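>>> Here is a sequence with its predicted model. Questions after.
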Amino acid sequence: MAAALNTGRLCAQSLSLDQRTADVQYVATQSPALHTNFFFQLDEGSFNTAVKKLTAQIPNVTDAEFAVQLAQLVAMAGDPHTSLYLNGPTFPLTFRWLDDGMFVTGAAQEYSKALGTRLIGLGSADIATVLTQLGTVIPHTNPQWVRFVSQSYLPVQKTLQGFDLVPATGASPLTFQDSAGNQFTLNVTPAIEVPNTAPSAAGPLPDLVQQSNANYWFTYLAPLRLLYFKYNVCEDDPTNPFAAFAANLLKTIDSNPIDTLVFDFRGNTGGNGALITPLTGLQQRLPTLLANANFRYYVVIDGGTFSSGLEDAMSIKSAAITGASQFPGIDKATIAIGAPSGGPPAGYGEVKQFSLPYPISNNGVDGQYSTVYDPLPDGTPAGTAFNPDIPVSNRSTDYFARHDPVLAAILARAGSPPAPPTGGAIVVSAASFRTDQGLAPRSYAAAFGTFPSGVDGVFINGTAAQIVVATPSQINFILPTAVSAGQATISVRTGTTEVSNGQFTVTATGLGLFALSGDPSQPGAVLNQDFTINGAGNPASQGSVVQIFGTGFAQSTQVLFGDTPAPVAYSGLVAGVPGLWQINATVPAGIAGQIPVYAVAGNTASNAVTVWVK
């Protein structure tokens with residue numbers, strides 16, 4: 001699987017009917033001829049029928065519609081490596097798929113209102129319909145690859161016009177929703193202007209998005225005894241050859257105490273899978289690393305992990321399984337974490353490019369096709385994706401708070417999250433609102449659903465809970481002290497009549513931190529040392545003590561400001577305020593701006609909020 005996703009641009013060329021016909025016939029005859037097994041899951045009769053249908057429609061479709069329909073023809077094979085490139089003039093917006101939707105992470109000044117909001121529609125179509133449409137030109141084996149590639153397709157007006165999602169000329173109406181639930185529509189036109197990106201430069205970026213223009217980079221975080229390697233693309237950098245880079249990385253391992261190795265393949269869509277070979281020198285160091293009982297080796301993946309990027313990630317996990325006899329414990333110490341991959345664990349690859357008789361791209365290259373089949377690696381389960389051992393949700397409240405929940409889970413040595421809450425009453429922490437987190441006894445909880453007026457009882461496993469506030473859509477309550485860890489049932493009652501119920505998980509710890517507002521950057525409920533509210537106009541000083549407020553029992557708590565651990569002076573319940581937890585932590589030196597802060601306790605990590613530091 002040796003080729004990365006191509007993002008060449010389409011010209012606004014207009015082809016004659018004969019030229020269009022020649023292009024269709026090229027796809028019809030050469031796609032099966034060039035691909036190593038074009039009909040591996042496609043019925044040849046269905047493909048021929050689609051060719052005839054497009055040929056008949058040639059006189060009646062626009063340039064944009066023709067390009068989309070030709071791409072749909074190529075995509076019928078269902079091979080993610082075989083596709084027609086679709087690009088063109090773009091909107092000055094950038095998008096990122098997160099677990100709670102497609103968000104605007106960059107916008108030109110003219111459209112800055114959209115920054116940090118969720119894209120919910122184009123024209124009259126909602127985002128789910130749009131992604132379904134794009135999935136017909138993005139060959140895939142799983143939905144996460146469609147979402148990842150859609151980040152690049154959504155700004156391309158011509159592609160959207162090819163689906164008749166937006167008007168054929170002029171501006172395109174895009175509809176957004178902010179964190180308060182307000183919806184608005186902007187009429188957007190393509191532009192050369194580079195969008196401003198978010199998060200802003202007011203604070204540090206998470207490692208995930210640092211040095212995004214570098215093919216690869218690493219850092220050693222001494223206070224955490226952690227080495228972090230980010231592999232953005234499997235392509236050598238002549239200014240920083242990978243062989244020399246790998247030697248430096250291994251030298252850093254030799255020279256420093258290591259509790260945690262993180263090899264991050266998120267967003268790596270491939271290239272040269274053999275490039276990583278110099279890092280096999282890590283095997284010689286495994287006996288020393290594994291002698292440390294705290295050592296863990298994490299392989300991070302997501303929906304953008306594809307082709308050779310995925311191949312390399314799987315090889316680490318596979319080597320750990322097969323090498324357990326030679327390096328006892330390596331199989332247990334090596335953990336895949338993050339989100340399911342965009343590529344399948346076995347499939348076609350080693351692509352070559354093709355050009356149509358009458359190219360529709362400005363460089364004369366119009367698409368790519370697979371030439372070999374890559375079988376399933378040893379020890380890797382078959383399926384449509386390579387799944388992590390530990391799934392970690394990444395939401396907009398994480399991204400815009402400059403927080404990487406995967407790295408937080410790694411530092412917490414977290415296990416798999418509990419089952420999400422179910423039923424008519426969805427119970428979550430009233431601080432974090434996360435469905436992938438358990439709730440601790442004595443914590444402040446929220447039940448979401450549709451409730452009648454007059455709710456006066458909430459029972460957890462039959463024990464009455466203290467109701468704080470009840471509305472038709474949300475009930476806040478204090479989880480009883482005596483509730484046992486494990487699966488729990490909520491019963492919402494009016495008098496003696498149950499009006500709703502649900503299931504959720506109780507855990508020994510379940511820290512959640514409160515945000516002061518719905519701002520995407522998640523400003524925290526934090527007091528400075530002088531007991532004033534922390535904020536942009538009232539930042540905390542380095543070395544001062546801040547009070548961080550949350551909920552969820554925690555016997556022993558760690559606090560991190562970004563990648564920097566902070567001394568904790570106090571962690572405990574606030575007297576007289578049921579459910580409220582307070583952590584007093586010293587602001588570390590060497591940080592400034594809007595900093596993400598989170599807590600770790602009992603092998604779980606809280607959500608992050610932000611604190612301003614001067």
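Yep, that arrived.

>>> quick one: the helices in this structure?
Ranges of helices in the chain, per DSSP state H, are 17-34, 44-57, 63-75, 127-134, 143-153, 157-162, 242-255, 286-290, 307-322, 330-333, 396-399, 405-412.

>>> between the ones you listed, which one is nearest to G343?
helix 307-322 (4.5 Å; C-beta to C-beta). Quick note: C-beta positions are derived from backbone N, CA and C, even for glycine.

>>> Averaged pLDDT, that closest one. What do you get?
For helix 307-322, mean pLDDT rounds to 94.

>>> next one: stretch 467-484
The model assigns stretch 467-484 a mean pLDDT of 95.

>>> Not counting its own residues, what contacts that stretch?
425, 430, 439-453, 455-458, 460-461, 463-466, 492, 506, 578-579 (C-beta atoms under 8 Å, 6 or more residues apart in numbering).

>>> Any of the residues you listed buried? List them.
The neighbour-count criterion (16 or more other C-beta atoms under 10 Å) marks 425, 430, 439-449, 451, 455, 457-458, 460, 465, 492, 506, 578-579 among these as buried.

>>> hang on, the earlier thing: closest one to D530 among the helices of the chain?
helix 396-399 (28.0 Å).

>>> Show me what the mean pLDDT comes to for that closest one.
For helix 396-399, the per-residue pLDDT averages 94.

>>> Cross-reference the contacts of stretch 467-484 with the strands and report the matches.
If you go by DSSP state E, those have 444-448, 457-458, 460, 463-464, 466, 492, 506 in strands.

>>> Which single one of those residues is nearest to V597?
Among the ones in strands among the contacts of stretch 467-484, and counting by C-beta to C-beta, the member closest to V597 is Y444, at 18.7 Å.

>>> That closest one contacts G579, correct?
Yes - between Y444 and G579 there is a contact under C-beta atoms under 8 Å: 3.4 Å.

>>> which neighbours do the two share?
With C-beta under 8 Å, 6+ apart, Y444 and G579 have common neighbours 430, 468, 478-479, 551.

>>> May I have the residues that are in contact with F148?
With C-beta under 8 Å, 6+ apart, F148 has these contacts: 97, 267, 302-304, 306, 342.

>>> is it true that I335 touches I390?
Yes - counting by C-beta under 8 Å, I335 does reach I390; the two are 6.2 Å apart.

>>> Between the two, which is the more surrounded one?
I335 (20 against 17; other C-beta atoms under 10 Å).

>>> And F433, how far from A605?
15 Å (C-beta to C-beta, to the nearest Å).

>>> what about the two, which has more around it?
A605 (26 against 16).

>>> shouldn't the more buried one be in contact with A414?
Yes - if you go by C-beta under 8 Å, A605 and A414 touch, sitting 6.3 Å apart.

>>> quick one on the thing from earlier: put together JSON lines for the helices of the chain, with distance to L186 on each row.
Converted to JSON lines, the helices of the chain look like this (distance: least, C-beta to C-beta, whole Å):
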{"stretch": "helix 17-34", "distance to L186": "34"}
{"stretch": "helix 44-57", "distance to L186": "32"}
{"stretch": "helix 63-75", "distance to L186": "21"}
{"stretch": "helix 127-134", "distance to L186": "15"}
{"stretch": "helix 143-153", "distance to L186": "18"}
{"stretch": "helix 157-162", "distance to L186": "13"}
{"stretch": "helix 242-255", "distance to L186": "43"}
{"stretch": "helix 286-290", "distance to L186": "52"}
{"stretch": "helix 307-322", "distance to L186": "34"}
{"stretch": "helix 330-333", "distance to L186": "49"}
{"stretch": "helix 396-399", "distance to L186": "19"}
{"stretch": "helix 405-412", "distance to L186": "30"}
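
>>> Brilliant, that's me finished.
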